[in-house]
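*Asks:* Prediction below, plus the sequence it came from.
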Amino acid sequence: MIPNNDKPPLSVDSNKKTFVAWVLAAFSVSTTLSVVIFLFLKPLNAIAAAVQLFFFSAPVAIGLHFILKQYLQDKIDSSPNPEIVRICFMITLVLLPFSALTFANSQFDSSLPTKHELLVSDKYSISSESSTSHFVEFKSPAGPNCCFLPEESGSVRVMPSEFEKVVVGQTKIVVQMKKGLIGLPWIESHALKNDPTHNDLERDEAISWMGEAVKEDATEFQEERWPGGQLKAKAPIIHGQVHGEAMYWHPNGQLYARIPFKNGKKHGKFSLYRENGTLDQELSYKDGNIHGSCRWFDEYGNLKQEALYIKGRQAEQSQ
């Protein structure tokens, strides 16, 4: 009779079930850990990184298998489903060093980050029952680092609001990339450029816009005067429209502006002056829209504000 305060020894079947439970638990934990760490630490290219990490992990897993085999082989063979247990055990042995190497590759990487400005080559979404993730893709600045992917590309996850503004082939992304402790490039940070509505050619053209000479052969001029009789404005008129350089004055006779017009629309660069003759603004227009670099000054001649406009819209500052 077994005393009431003693527990019966575990049966052989109980030991087998306990061992199987431990193997399956280790398999589940290692799988989850691998996926979480791998995605969280942002490899430049997930497929390339996974393939290379497998080649690193496989020898480690084989070594661990031979070391543990002599201690666990009997338990595996005597388990209820030895083949399933053996497969789970081997996968666990691969995934544990896989996770460790992924973690070490980024967390112990002492290389200096390099900044790359790259063109977005594609964008895509991955949906599940509960959520949708958005990604942008770009050509890898590091070149191919996997023999199976000769033309490697990188991808990063972006916010839905950013994803909507991305124009493939025009929008650029700035990535801070590091080499990785074991040679697997990974992305430390990334940011989409804030000006996806205007490509670089438009920006460069706006920056360099200096206006153009407007042929002025007007024989008619339109004048406007202040209540005291002083000349307020004088503009050349061709075919009923202001065409050429129009001049404007303050009531005290001080020049206010010389503004170029083309077919009735402001067209070119010009300056505005205060009544005391100090510079107030430097503006730039093209076909009636504010376009190019514009500057504003305080009463002492100090620059207060500067902005770039493209076809009537203020452009975001370039990164």
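*Replies:* Structure's in. What do you need?
*Asks:* Confirm Ser106 sits in a strand?
*Replies:* No - according to DSSP: H, G, I helix; E, B strand; the rest coil, Ser106 belongs to no strand; its state is helix.
*Asks:* Pull the number of nearby residues for it.
*Replies:* Counted with other Cβ atoms under 10 Å, the neighbours of Ser106 add up to 20. C-beta here means a position set from N, CA and C on the backbone, and glycine is covered the same way.
*Asks:* cool, Ala257 as well?
*Replies:* Applying other Cβ under 10 Å, I find that Ala257 has 18 neighbouring residues.
*Asks:* was I right about it contacting Tyr248?
*Replies:* Yes - look at Ala257 against Tyr248 with Cβ atoms under 8 Å: they come within range, at 4.7 Å.
*Asks:* measure stretch 104-120 end to end?
*Replies:* 29 Å (Cα to Cα, to the nearest Å).
*Asks:* That should have said stretch 237-251, apologies.
*Replies:* Terminal residues of stretch 237-251 lie 23 Å apart, using Cα to Cα.
*Asks:* average pLDDT for that stretch?
*Replies:* For stretch 237-251, the mean pLDDT works out to 93.
*Asks:* Show me which positions of it end up buried.
*Replies:* Within stretch 237-251, the residues that count as buried by 16 or more other Cβ atoms under 10 Å are Ile237, Ile238, Val242, His243, Gly244, Glu245, Ala246, Met247, Tyr248, Trp249, His250.
*Asks:* so which of these comes closest to Ser293?
*Replies:* Nearest to Ser293 among the buried residues of stretch 237-251 is Glu245, at 20.4 Å by Cβ to Cβ.
*Asks:* which stretch of helix or strand covers the closest one?
*Replies:* Glu245 belongs to strand 244-249 when assigned by DSSP states H and E.
*Asks:* ok, and what's touching that strand?
*Replies:* Strand 244-249 is contacted from outside by 214, 216, 218, 230-236, 238, 255-261, using Cβ atoms under 8 Å, 6 or more residues apart in numbering.
*Asks:* That one pairs with which strands, and in what direction?
*Replies:* Here strand 244-249 is paired, per DSSP bridges, with strand 231-238 (antiparallel), strand 255-262 (antiparallel).
*Asks:* which of the residues in the first one are buried?
*Replies:* Just to be clear, that refers to strand 231-238. Those buried within strand 231-238 under the rule 16+ other Cβ under 10 Å are Lys232, Ala233, Ala235, Pro236, Ile237, Ile238.
*Asks:* Can you tell me the closest non-neighbouring residue to the third one?
*Replies:* What it means is Ala235. When the adjacent residues along the chain are set aside, Ala235 lies closest to Ala246, with 3.6 Å between them (Cβ to Cβ, 6 or more residues apart in numbering).
*Asks:* how close does that neighbour sit to Ile238?
*Replies:* Ala246 is 12 Å from Ile238, where distance means Cβ to Cβ, to the nearest Å.
*Asks:* what's the neighbour count on Phe108?
*Replies:* Neighbourhood size, Phe108 [other Cβ under 10 Å]: 10.
*Asks:* Would you quantify the distance from the closest residue to it other than its chain neighbours to His116?
*Replies:* Distances taken as Cβ to Cβ, 6+ apart place Leu181 nearest to Phe108, at 5.0 Å, with adjacent residues excluded. In this view, Leu181 and His116 are 20 Å apart by Cβ to Cβ.
*Asks:* picking up where we left off before, my guess is the residue nearest to Phe108 contacts Phe103, does it?
*Replies:* No - with contact defined as Cβ under 8 Å, Leu181 does not reach Phe103; the gap is 9.7 Å.
*Asks:* ranges for the helices of this structure?
*Replies:* 12-40, 46-77, 82-107, 160-165, 200-208 (DSSP state H).
*Asks:* Let me see the mean pLDDT of the fourth one.
*Replies:* Averaged across helix 160-165, the pLDDT comes to 85.
*Asks:* Go through that helix and flag the buried ones.
*Replies:* Neighbour-count burial for helix 160-165 [16+ other Cβ under 10 Å]: Glu162, Phe163.
*Asks:* So which other helices or strands are in contact with it?
*Replies:* If contacts are counted by 3 or more Cβ pairs under 8 Å, 6 or more residues apart in numbering; DSSP states H and E, helix 160-165 sits against strand 132-139.
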